[in-house]
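sequence below, structure please.
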Amino acid sequence: MKKNSKKRFYFKVISKTTFLILFFMIVLLIIPLNTSAQTDTVQVPSDLPLAEGNLNAAVKNAVDAGKLSNTIFLLESNGYYVLTDSILVPAGEHLTMITPEPGNTQETAPPQIRWTANDDVNRSYFFLCYGDLTLKNVWLLCADTEGTQLGACIIFRDNPLEMVQHKCNFDGVIIDYFPITTLAGGSVTVACKNFKGTFKNSYWKNCTDQYYRYYGRAVSFPYLSTGYHVDSLTFDNCTFSNIGYVYMQEEGEYGDNVHFNHCTFHNVVMYTLESGWWYNMSVTNSIFLNTYMFGHIPAYSSSDGGEPDGGTIQIDSIANFGFDVPVSEQDRHILFTNNSYFIEDWLSDWMQNNSKTEWHRENGYEDMIPVPQPMMNSRTITFLESESFPYMNKAFLYDSTDPGFVNAPTNIDTLKEFLLSKWWSGPDWSWAWKPENSINRLWPLEENMAYTNDTLLTAGMGGFPLGDLYHWFPDEYEQWKVQENNEKARINQWLETGNDPGVGSIKDDYTQKIKHFTLDQNYPNPFNPTTQIKYSVPKYSYISLKVYNQLGQEVTTISEGYRQAGTHEVTFDGTGLASGVYFYRITASNPSTSSEQSFVETKKLLLVK
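Next up, the predicted model:
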C-alpha cells in the first residue's frame with residue numbers, strides 16, 4: 001500500500017474522445033433526464049475579464065424555453081463564472097452542470113463559480129432549488145470577484161402547490177469558503193419536507209465563520225425551523241476540512257437514513273454530526289482528526305452532569321428528543337465501525353496552556369478550562385455495547401491514533417486565536433487556511449491529506465486506508481471501486497441485521513480479524529470430481545489460484561483477480577482430467593502493481609476416479 005500517493009486532483013488529462021464517451025455514459029446512466037425528449041448540450045463560455053453572468057443567461061434561456069430538464073450545461077475546464085443573480089431551478093425541473101475530470105495543470109482545473117462584486121444584486125443563494133440539482137466537477141467559492149467572503153448557500157425549497165422529494169447529486173464538487181449562510185443553514189440548506197442528498201468525491205474546505213464557532217456547515221436545516229425532513233443523506237469519499245459542523249439536525253428535524261463511508265473529517269470546531277437523533281445511520285471507514293476542537297467545558301454541560309458530547313458521534317435516547325418520532329428505541333439501526341480518532345498534541349496543549357486558561361486556573365474556575373473530547377461519550381458507548389440494542393454496534397475503532405497527514409491544511413496560530421476568542425467571547429477572527437489559494441484559483445490544490453500511519457493505511461474494510469480515497473489515495477480509490485458494491489452490501493446487511501456478515505454477533509472489537517494470508521488443504525481429498533479450496537486474505541490483494549500437473553505444467557486457473565480481505569472458498573472441478581496427483585498454488589500480489597508477489601504457497605491434491 002502506498003503511503004504517499006498523489007492527491008486525487010492529479011488526474012491525467014483525458015482526450016476529447018475519452019471525454020465524449022464518459023459524457024454520454026453520464027447522460028445515459030447517471031443523470032435522471034426525461035428520455036422522451038431530446039437532450040441538448042449547452043457549452044457555457046467562461047466569463048472573460050469584465051464580463052459576468054454567462055451562466056445565469058444560459059440557464060435562464062433554457063428555463064424560458066421549457067428545456068431545462070433536458071439540457072446539460074457543459075462548463076469549461078479552468079473556467080471562471082461570475083453569478084449576477086441566484087440561479088433558479090423551478091419546481092419539477094432538474095438542473096445539470098458537468099465538467100471533464102480535473103487534470104494536474106491549471107488549464108485542467110475545475111471551473112470556479114463565484115459572485116459579482118455588485119452589491120445591487122441578490123446574492124443570497126447560489127442555487128434556489130424548487131426542483132433538483134446535479135453538479136459534477138465544479139468549484140463553488142462563496143466569495144465575490146474581489147475575494148470578499150459572502151453568506152450565500154444552495155437551498156432546496158418546497159413548492160406550496162406540489163410537495164415532492166427534492167434531489168441533490170454532487171460528484172467531485174468543491175464547496176469552499178462558506179460561513180454562516182442565508183437562513184443560518186448549511187452550504188446545502190434543507191428547507192423542504194422530503195430531501196435526498198447524494199454526495200460523492202466532494203470536498204468542503206474552509207467553511208469557516210469569523211464570529212460563530214458553530215457555522216459554517218456542510219448540510220443543515222435553517223435555524224429554528226420545523227417541519228423539514230431528510231429522507232436520505234449519503235456521503236462517499238468526501239472530505240470536510242476547517243468547518244464549524246458537518247451535518248446538523250435540531251429542533252424537530254432529523255434524517256431517516258444518514259450514511260458516511262470513507263470520509264475524512266479534519267478541524268471541525270464543534271459537533272461533527274449533530275445531534276444524537278439517529279434512526280438509520282452508519283459511519284464507516286472514516287478518519288476523524290481534531291474534531292470538536294472547542295473541547296469539553298464541564299461548566300457548559302452541567303445540565304448533562306458534566307458529560308462530554310464526544311468528538312465523532314453521539315446517540316441520545318428517544319425519550320430525550322423532545323419531539324415524537326414514528327420509531328421505537330429498538331427500531332433504531334446505527335453502525336460505527338472501521339473509524340479512527342485523534343486530537344493533535346498542539347491542540348490538547350493549547351486547551352490547557354493559554355492566557356485565559358491560566359487565569360481561570362488561578363482563580364479557581366477549573367470547570368471553565370476546555371479539555372479534549374473523547375471519541376464517544378459513555379451514553380453512546382452504552383447504546384453501542386448493550387445487548388438490549390442489537391442493531392446499534394461498533395467495531396474496529398482506532399482511538400488516539402495519529403494518521404500523520406502529509407500536508408494538513410491547518411493555520412495553527414490563527415486557529416489558536418480563533419478558539420481563544422470563542423471560548424471566552426472574544427473578537428471575530430478569520431481562521432481559514434490560505435483562502436488566497438482559492439481566491440486565485442490555484443490548481444492543483446496545495447493541501448494533501450494522504451497519511452503515513454501503517455495501521456490506518458489498512459484499517460478500512462478490505463484492507464483499504466481509512467478516510468477519503470478519491471482525493472488523497474487515487475490508486476487505492478480505483479482498486480476500491482472494483483469491490484465497492486460488495487462493501488456496501490456488507491455495510492447494509494450489518495446495519496440491517498446487527499451482525500457483520502459471516503462473523504455473527506459483534507458486541508466486541510473483533511479479535512477474529514484476519515492477520516495473515518493462508519491457504520487451506522482442499523476438502524475432500526482425495527476427491528472425484530470436485531473439491532473445495534479455502535484461502536484467507538488479510539488485506540485487499542490481487543489473487544491468482546492455479547492448478548499444475550506433476551511436470552509443473554499449468555492445468556487451469558481456478559480463481560484470479562482482486563479480492564477483499566476475508567476468507568474465500570472456491571470449487572475445483574477435475575472433470576476431464578486423468579486420475580493422479582496435482583498441485584494448487586496461490587500467489588497474492590501487491591494491489592498497486594498486481595505483479596509484486598507478497599505471498600506464495602503450494603499444496604497437493606489427489607484426483608481418484
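
the helices in the chain, which residues?
Secondary structure of the chain, counting by DSSP state H: helices at 16-29, 54-64, 345-352, 355-362, 378-385, 412-423, 435-439, 454-457, 469-472, 474-482, 484-497.

out of the ones you listed, which gets nearest to Asp209?
The minimum distance between Asp209 and the helices of the chain falls on helix 412-423, with 9.6 Å, by Cβ to Cβ. In this view, the C-beta of every residue, glycine as well, is placed from N, C-alpha and C.

quick one: buried residues of the closest one?
Neighbour counts using 16 or more other Cβ atoms under 10 Å place 415-423 of helix 412-423 among the buried residues.

thinking again about what came up before, most tightly packed of the helices of the chain?
Compared across the helices of the chain, helix 469-472 shows the largest average neighbour count, a mean of 26 (mean count of other Cβ atoms under 10 Å).

just checking, what packs against that one?
Secondary-structure packing of helix 469-472 (3 or more Cβ pairs under 8 Å, 6 or more residues apart in numbering; DSSP states H and E): strand 448-451, helix 474-482.

ok, and what's touching the first one?
Just to be clear, that refers to strand 448-451. With contact meaning Cβ atoms under 8 Å, 6 or more residues apart in numbering, strand 448-451 is reached by 3-5, 7, 239, 241, 264, 266, 287, 403-409, 457, 465, 467-468, 471-473.

ditto for stretch 351-369
295, 297-299, 306, 370-372, 416, 420, 423-424.

now do it, average pLDDT.
The average pLDDT within stretch 351-369 is 88.

ends of it, how far apart?
Stretch 351-369 stretches 7 Å from its first residue to its last (Cα to Cα, to the nearest Å).

same check on stretch 199-211?
Start-to-end, stretch 199-211 (Cα to Cα) is 28 Å.

go on, stretch 120-134?
One end of stretch 120-134 to the other measures 28 Å (Cα to Cα).

thinking Lys67 is in contact with Asp40, fair?
Yes. Judged on Cβ atoms under 8 Å, Lys67 makes contact with Asp40 at a distance of 6.3 Å.

would you agree Ile174 is in contact with Asn201?
No. Using Cβ under 8 Å, Ile174 is not in contact with Asn201; the gap is 10.2 Å.

ok, back up a step: Lys67 and Asp40 - which one has more neighbours?
For Lys67 versus Asp40, the count of surrounding residues by other Cβ atoms under 10 Å is larger for Lys67: 16 against 12.

per-domain residue ranges of this structure.
Per the record, the chain has its domains at 16-31+41-500, 518-607, by automatic domain parsing.

picking that back up, just the buried residues of helix 412-423 now: which is nearest Pro160?
Out of the buried residues of helix 412-423, the member with the shortest distance to Pro160 (by Cβ to Cβ) is Lys422, at 38.9 Å.

which ones are touching that closest one?
Residues near Lys422 by Cβ under 8 Å, 6+ apart: 213, 269, 294.

redo the residues you listed as a markdown table? Include pLDDT.
Shown next, in a markdown table, are those (pLDDT from 0 to 100):
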| residue | pLDDT |
| --- | --- |
| Arg213 | 91 |
| Val269 | 97 |
| Phe294 | 94 |
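
so which of the contacts of strand 448-451 are in strands?
In this view, the contacts of strand 448-451 that belong to strands under DSSP state E are 239, 241, 264, 266, 287, 405-407.

which members of those residues are the farthest-apart pair?
Across the ones in strands among the contacts of strand 448-451 (Cβ to Cβ), the longest gap, 15.4 Å, separates Ile287 and Asn407.

so which of these two has more stuff around it?
Neighbours were counted for Ile287 and for Asn407 using other Cβ under 10 Å; Ile287 has more, 31 against 12.

burial of the residue nearest to that one when sequence neighbours are not counted, as a residue count?
Of all residues not flanking Ile287 in the chain, Gly467 sits nearest, at 3.8 Å (Cβ to Cβ, 6 or more residues apart in numbering). Gly467 is flanked by 32 other residues according to other Cβ under 10 Å.

go on, Pro179?
By other Cβ under 10 Å, 23 other residues sit near Pro179.

now do the one 3 residues further on
As a burial measure, Thr182 scores 20 neighbours (other Cβ under 10 Å).

who touches it in this structure?
Neighbours of Thr182 in contact, by Cβ under 8 Å, 6+ apart: 124-125, 151-153, 155, 189.

of these, grab the buried ones for PyMOL.
Filtering the contacts of Thr182 down to the buried ones (16+ other Cβ under 10 Å) takes a single PyMOL command:
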select buried, resi 124+125+151+152+153+155+189
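
could you dump the contacts of Thr182 to CSV with distance to Thr602?
Below are the contacts of Thr182 laid out as CSV (distance: Cβ to Cβ, whole Å):
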residue, distance to Thr602
Ser124, 69
Tyr125, 65
Gly151, 66
Ala152, 64
Cys153, 61
Ile155, 63
Thr189, 61
